[in-house]
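sequence first, then the predicted structure, then my questions.
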Amino acid sequence: MPKIIDSHFLIKIIKNESTEEERKLFETWLDESDENKEEFSTLVLLWKKVADSKMPPVPDQYLQWEKIKANLVQPPSVGQIDKTAQPVPLHHKNFDLKPKEEKHEYAWMLKVAAVLIIFVSIPFLIFINKNRNSLLHTKPVVKAKTETLYSIEAGKGVRKTILLPDESLVYLNVDSKLIYPEKFADSNRIVELEGEAYFNVSHDASRPFKVICRNTVTVVKGTEFNIKNRNDEVRIILTKGVVETFKKDSNVGIQLKKGEMITFDEKIGFSKPTKANINHYLAWRKGKFSFAHTSLADVMDEIGRYYNVEVEFQNPSERSKIITGVFNADSLEHIFSIISLTLDVKIDLKGSKVIVQ
């Protein structure tokens, strides 16, 4: 099953029921931001409150069964009482535990009562376990005889950390989607990416790790790299190890070394590998925006994606204004105030809509 950081995963951590790999995933996630630490602390407090609260005991189905029968085995009406008759105890050898329906008018009530007793005795967690897929927010997208593919999406304003079946880690940026199999093949490990993600791939020389983006295939055996697949362009930045990237259906690849970057465009193909400014291109991993000679239209597009807000330019000429700078992504108002002063524009935030004028 896919590993995603959600409340159910965190509860496993609290209960010390996690594996070593899950614990490493948790520690990595916890160190990513103060928001993650606050979320976990809040969950721990809620969990303790629930644990300390008194829960009613689960009914003893056998005892309840006996009580129901004791109440039902009685004369049908006062006018028909036989004063010489003695009540039959439940343990009497002649007592019929399964009375025939035509002989006892309360037989149907006994059956209903039995179903109810059994139902209330079932632990609620059984239902949670049966629906674990939906609670983890995973979607099986392809079902074949030998393979199930999962599609995990990080919507606008959402980031996700994913532990793949081979213990590789994927940090999915906002407005992105990763598709991967429930179990990797014996000969390779293939995933597909839309949007942006940082990969920390576990080493396996016998099974190359392949990332498909548009018309490109990036192949590694164990390394760390970032891929951005947006606006008809694929950009690959290598931070550790070596990768090789190909155009689909081609045997000719281009090798990247640590610190290098390459882009792919459908019309012009691959660029030449160049030295990359890691801090600039991977600012999102540290909760920052980094722009270098970037148009205001592209800046607002990135901010809108991160904060899940809609941006409207009332004056089209403002879209082409250029800005350079690094912004902490913890305050939208602060970012807008700096942009407004730098570019001499007015930016109004109204609910989930941003108006630039």
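Looks like it came in fine.

give the other helices and strands that the host helix or strand of Ser290 contacts.
Following DSSP states H and E, one finds Ser290 within strand 288-295. In this structure, strand 288-295 makes packing contacts with helix 278-281, helix 296-307, strand 322-328, judged by 3 or more Cβ pairs under 8 Å, 6 or more residues apart in numbering; DSSP states H and E. All C-beta atoms are positioned from the backbone trio N, CA, C, and that covers glycine.

who wins for proximity to Phe336 among these?
helix 296-307 (8.5 Å; Cβ to Cβ).

against which helices or strands is that closest one packed?
strand 288-295, strand 310-313, strand 322-328, helix 332-343, strand 353-356.

contacting residues for Ile190?
Listed by Cβ atoms under 8 Å, 6 or more residues apart in numbering, the contact set of Ile190 reads 180-181, 184, 210, 212.

surely it forms part of a strand?
Yes: with DSSP: H, G, I helix; E, B strand; the rest coil as the criterion, Ile190 is part of a strand.

what pairs with it across the strands?
Here Ile190 sits in beta bridges with Lys210, going by DSSP bridges.

and it, how close does it get to Tyr171?
19 Å (Cβ to Cβ, to the nearest Å).

ok, back up a step: now, the contacts of Ile190 that are in strands?
With strands taken from DSSP state E, the overlap with the contacts of Ile190 comprises 180-181, 210, 212.

picking up where we left off before, most surrounded residue in the contacts of Ile190?
Tyr180 (23 neighbours; other Cβ atoms under 10 Å).

ok so, going back, in TSV: the helices and strands packed on strand 288-295, plus mean pLDDT.
Shown next, in TSV, are the helices and strands packed on strand 288-295 (pLDDT from 0 to 100):
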stretch	mean pLDDT
helix 278-281	94
helix 296-307	94
strand 322-328	93
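
tell me the most buried of these?
By mean neighbour count, with neighbours taken as mean count of other Cβ atoms under 10 Å, helix 296-307 ranks first of the helices and strands packed on strand 288-295 at a mean of 19.

other residues contacting that one?
So helix 296-307 is contacted by 156-157, 174-175, 289, 291, 309-311, 313, 318-323, 329, 332, 335, 339, 343, 345, 354, 356 (Cβ under 8 Å, 6+ apart).

same question for stretch 246-260.
212, 215-219, 225, 236-245, 262, 264, 269-270, 273-276, 278.

ok, stretch 316-333 next?
283, 287-297, 299, 303, 306-307, 309, 313, 334-335, 338-339, 342-343, 345, 349, 356-357.

ok so, going back, just flag the most distant two among the contacts of Ile190.
Largest pairwise distance in the contacts of Ile190, by Cβ to Cβ, is 14.0 Å, between Phe184 and Ile212.

for Pro181, see how far away Ser295 is.
In terms of Cβ to Cβ, Ser295 sits 39 Å off from Pro181.

revised request: answer the last question for Glu22.
In terms of Cβ to Cβ, Glu22 sits 20 Å off from Pro181.

can you check Ser250 too?
For Ser250 relative to Pro181 (Cβ to Cβ), the value is 24 Å.

pLDDT weak spots in this protein?
1-3, 34, 38, 41-42, 45-146 (pLDDT under 70).

domain parsing for it?
61-120, 138-278, 287-356 (automatic domain parsing).

looking at these, which is nearest to Leu43?
From those, taking Cβ to Cβ, the stretch that ends up closest is domain 138-278, at 15.9 Å.

wait, what's in contact with the nearest residue to Ala276 once chain neighbours are set aside?
Once flanking residues are discounted, Ala276 sits nearest to Met261: 3.6 Å by Cβ to Cβ, 6 or more residues apart in numbering. Met261 makes contacts with 235-238, 273-276, 281, as judged by Cβ under 8 Å, 6+ apart.

between those residues, which is nearest Ser206?
The closest of the contacts of Met261, once distances to Ser206 are taken by Cβ to Cβ, is Leu238, at 21.6 Å.

now for that closest one, how many residues are close by?
Leu238 - counted by other Cβ under 10 Å - has 25 other residues nearby.

contacting residues for it?
223-225, 256-261.

by neighbour count, sort out the buried ones in those.
223-225, 256, 260-261 (16 or more other Cβ atoms under 10 Å).

so Asn226 bridges to which residues?
Tyr198, Ile237.

tell me the contacts of Val242?
220, 223, 255-258.

again, only this time at 7 Å
Taking Cβ atoms under 7 Å, 6 or more residues apart in numbering as the contact definition, Val242 lies against 223, 255-257.

please convert those to a markdown table, extending it with secondary structure.
Formatted as a markdown table, those follow (three-state DSSP):
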| residue | secondary structure |
| --- | --- |
| Thr223 | coil |
| Gln255 | strand |
| Leu256 | strand |
| Lys257 | coil |
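
how many neighbours does Ser317 have?
Ser317 has 7 nearby residues by other Cβ under 10 Å.

any idea how far it lies from Thr294?
17 Å.

grab the nearest non-local neighbour of Asp232.
Glu266 (6.4 Å).

the one you found contacts Thr216, doesn't it?
No: using Cβ atoms under 7 Å, Glu266 is not in contact with Thr216, being 9.8 Å away.

of those two, who's got more company?
Each of Glu266 and Thr216 has its neighbours counted (other Cβ under 10 Å); Thr216 has more, 22 against 12.
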